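[1] everything below, folded, please.
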Amino acid sequence: MPALEVFGRRSRVVGSDDLYCPALFLMLYQLPLALLCVLYASLWRRCSSTSLDDNGLPFWYILGAAPLLFFRGCIYLMIMQVSAKGTIVDHERRVLMPRILQVHALWSILLFGYGIAGVCCWYYRDICRPDARFVLAVGGFLVAEVSFTFTLGLCILHDTQVEEVINQEKPPVSSTLDPYDVDREVPSSDVYVPHSQRLWKQRCTRCCMCMRCFTCNLFGGAGTSHDSMSVVAKVFSRLFYGSPDLVISDIVAGFILLAAVQAYEDHHEVIATSPHREGDEEEEETLGKIRARIRASTSKMNLMGDKTPPTTKPSATAPASSSTVDGDEANRLVSIDIPSTSDDARFEMSSKPFYYHPTDPHLNDVELTEKLKELAHFSKYAIGIYGWMLYVWSHPWSGTFSLAFSCLRRNRSYVHGDNWFHLGQTALQLETKIRSDDIVYASFRNSVYQPAFAVMLDHERKEVVIAIRGTLSLEDCLTDAIAYGMSMNDVADRWGCDGSGEYAHQGFLTCAESIYLELNRLGILEMLFDEKSTATIVTHGVNVCERGAYHDYGLVLTGHSLGAGTACLLSVMLRAKYPQLRCFAFSPPGCTMSPGLASRCAAFTYSVVVGDDIIARSSLTSAEALRDNVLDLIGRSKVNKAAILRQVISWRNPDELLHRSSDEHTAFDDDNETRERVRSPFIAHLSNYRTMLQRIQESEPIHELTIPGRVVHLKRVVRAKGAAGCWVCCRPGGGGICCTARTNYRFAWAAEGQFSKIRIGRTMLDDHFPDKVHYVLQNCVKRLRKTEHEHEQECL
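    Model (predicted):
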């Protein structure tokens, strides 16, 4: 809805439909004062009288406060009533709100003066002592309450009017203009407020400064004063170009509506594809139990006279992975043919991944299980390079003590950028279980375009592992935000690698080339693999060994988040020299490289994504689609904001919250007897704003980027009934609002385009955490090996 405007000031934080709860709180807040006035006038008056002198001052003062408070309470009731009218887009029903707030402000001034008068009378006049305390309490209460409401109002109403901002921001027509500093010609978009790159650059710089102050430089930030801040500002100015005249609560309501729609779609998908319509799919049933159940049903039929169980030709739609039973066992089983219907055909699984359970007897995808085991093994390097902070986070009870008793290590010349207590190296060794001699090189230095990384030896798998750290500092966040696609033509020509005609994330590509240059400068890979190499080795900076000492080892690159994207692009650069290398990317961003290069990387790159990970689905195109979807759902809303916010704790069908997309996106006018729809001006404004965004996207197209390699998706499948539950805190198997379950995950090869849209859910942030990715992989492999062991025992 349009931002609230009072006394020529606007609020970008609060709208007219956000004042119901504050008004209710303030009305309840002043009830004790009103009760005090009533009790004093009727029961508690001691020494004061009804005379018009100092003796009667307490009585008349407190009696005069009662109608003032009563009228103020009526104002709060009016605010509550008006605030509850209409919907987000149908703000015309709340047109009286600015007038009511003006009356409230004027009445607050009167109450403030009345309170000051009471305090002055208590201090300067000779009032009888027992009743003087009541005068001070009422006066002080009025002064405090009015001061609080005025301070809150000044904080909220901080912007000038839209027309003034437009006149200040628009440069002269004759000047040379940047495309992001010009008001686009859009019909009827008279409420558009431009946001320039310069403004976003200032906002990003201030945000980094505030983070540095609040975190005491724990997450860096000294290197954020970088030229690339202008690129970040350009990204944000494109995503949030102009102003749709919405407040924060409107955006939150839009995300809640989108989450409700997505949960509704998931609910129908689970019902349509669920093999067990009743009960929990997470309850693992072994093949022996299923066979026993079938035998019991068969014997029951035999007792009823069916000596020869009827068999039916298997359905053509039966899954190819169905288990077979040999010999007499097959004769005792009943084959059931379920005819397919048009509804079932609509939910065919041919284009959707089939998620295997680690204990699934039909699991026969050898490549999938082998890659899952490899991902679980190398995940320890991806999280170990994060250092001591992630180690303490992932081991909250024992992490601090383990670091304290293990940090007394000798300084290693090949470990750079660590702190005085060598906590980074200690955490790396504790997480990966390697010796210090197995670290060839480690750098915990971090700046924009230069993430921390390490080169280690994995003797168990005979691999040289290059682990690159993900996002941990403000400099890393700045690198992540430089999300425009950058041409790889220069990189391909410079290093003779694949990528000609392709694009990659600008920040990740620059990081990969930075690490590539560092590896070449140090001569690490030549020292490890090539015994005939004459490359110069920086002996004082690496853990020196004989040239070619590990020529029979393979090369593996790995990382999480930013490190995953960088590792994928670095593997493209190194593959020209080391064609047998492999890359294991954990939760790589969805804007790493162009689709053509991503498909070619599937030969040596394997990525893993957990659940609704938002980073794996994030790109400029998906972010713009998310923004457009939220704006569309806000325009289609047909209930007030309070009903939408209640969706967080109580499930409702989206049809009860939204108009259909084919209908005109307006609300009903309840005051009209014919209940005809009237087009809201605010919907016209949203339509114009979206038109302006579409024109920007068409005039300045961006390169499509996607997630790299072949992707394994880990998904926690819920039962059909639970899928329609509350998306915040009612998911089955969840560990509470803050803690999410990390067991009972299923896995599958992801389908093409599966991560092209951002999903809103309770676990969309938690699913990206590196410790959760590592734990889920370990849990899946543990149950997988347990099943394999049980199968071997049965065969014996």
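[2] least confident secondary structure element in this structure?
    Lowest by mean pLDDT, DSSP states H and E among the helices and strands of the chain is helix 342-346, with a mean of 38.
[3] following element in sequence after that helix, please.
    Using DSSP states H and E, the helix or strand that follows helix 342-346 in sequence is helix 366-384.
[4] in that next one, which residues are buried?
    Judged by neighbour count (16 or more other CB atoms under 10 Å), helix 366-384 contains these buried residues: 368-369, 371-372, 374-384. Every residue, glycine included, has its C-beta placed from N, CA and C.
[5] secondary structure class for residue 559?
    Counting by DSSP: H, G, I helix; E, B strand; the rest coil, the backbone at residue 559 sits in strand.
[6] whoops, I mixed them up, residue 391
    Classification of residue 391 by three-state DSSP places it in helix.
[7] grab the nearest non-local neighbour of it.
    Leaving aside its sequence neighbours, residue 391 sits nearest to residue 427 (CB to CB, 6 or more residues apart in numbering; 3.9 Å).
[8] what about that neighbour, neighbour count?
    When neighbours are defined as other CB atoms under 10 Å, residue 427 has 28 of them.
[9] could I get the buried residue list for stretch 432-442?
    Applying 16+ other CB under 10 Å to stretch 432-442 flags 432, 434, 436, 439, 440, 441, 442 as buried.
[10] swap that for stretch 219-226, sorry
    The neighbour-count check on stretch 219-226 (16+ other CB under 10 Å) flags 219, 220, 221, 223, 224, 226 as buried.
[11] can you list the domains in the chain?
    Each domain of the chain is listed here as a residue range: 5-159, 191-243, 248-270+622-664+678-699, 366-619+705-795, per automatic domain parsing.
[12] out of the ones you listed, nearest to residue 356?
    Closest to residue 356 of those, according to CB to CB: domain 366-619+705-795, at 5.9 Å.
[13] separation between residue 427 and residue 114?
    The spacing between residue 427 and residue 114, counted by CB to CB, to the nearest Å, is 63 Å.
[14] need phi/psi at residue 530.
    Main-chain torsions, residue 530, degrees, to the nearest 10: phi -110, psi 110.
[15] separation between it and residue 548?
    6 Å.
[16] assumed residue 419 was part of a helix.
    No - counting by three-state DSSP, residue 419 falls outside a helix, being coil.
[17] what about residue 35, neighbour count?
    10.
[18] over to it: give its phi and psi.
    Main-chain torsions, residue 35, degrees, to the nearest 10: phi -60, psi -40.
[19] residues touching it, list them.
    If a contact means CB atoms under 8 Å, 6 or more residues apart in numbering, then residue 35 has no contacts.
[20] burial measure for residue 548, as a count.
    For residue 548, using other CB under 10 Å, the count is 15.
[21] name the SS class of it, please.
    coil.
[22] any figure for the gap between it and residue 458?
    Distance of residue 548 to residue 458, given as CB to CB: 18 Å.
[23] ok, residue 698 next?
    Between residue 698 and residue 458 the distance is 49 Å, computed by CB to CB.
[24] compare the two (neighbour count), which wins?
    Legend: neighbour count by other CB under 10 Å for residue 698 and residue 458, higher for residue 458 (19 against 8).
[25] list the residues that contact the residue nearest to the more buried one when sequence neighbours are not counted.
    Nearest non-adjacent residue to residue 458, counting by CB to CB, 6+ apart: residue 465, 5.3 Å away. Each residue near residue 465 by CB under 8 Å, 6+ apart is listed here: 378, 381, 455, 456, 457, 458, 556, 557, 558.
[26] go again with 6 Å.
    381, 456, 458, 556 (CB atoms under 6 Å, 6 or more residues apart in numbering).
[27] now those in TSV, with secondary structure, pLDDT and distance to residue 105?
    TSV is the format used below for these (DSSP: H, G, I helix; E, B strand; the rest coil; pLDDT from 0 to 100; distance: CB to CB, whole Å):
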residue	secondary structure	pLDDT	distance to residue 105
381	helix	97	61
456	strand	97	66
458	strand	96	69
556	strand	98	66
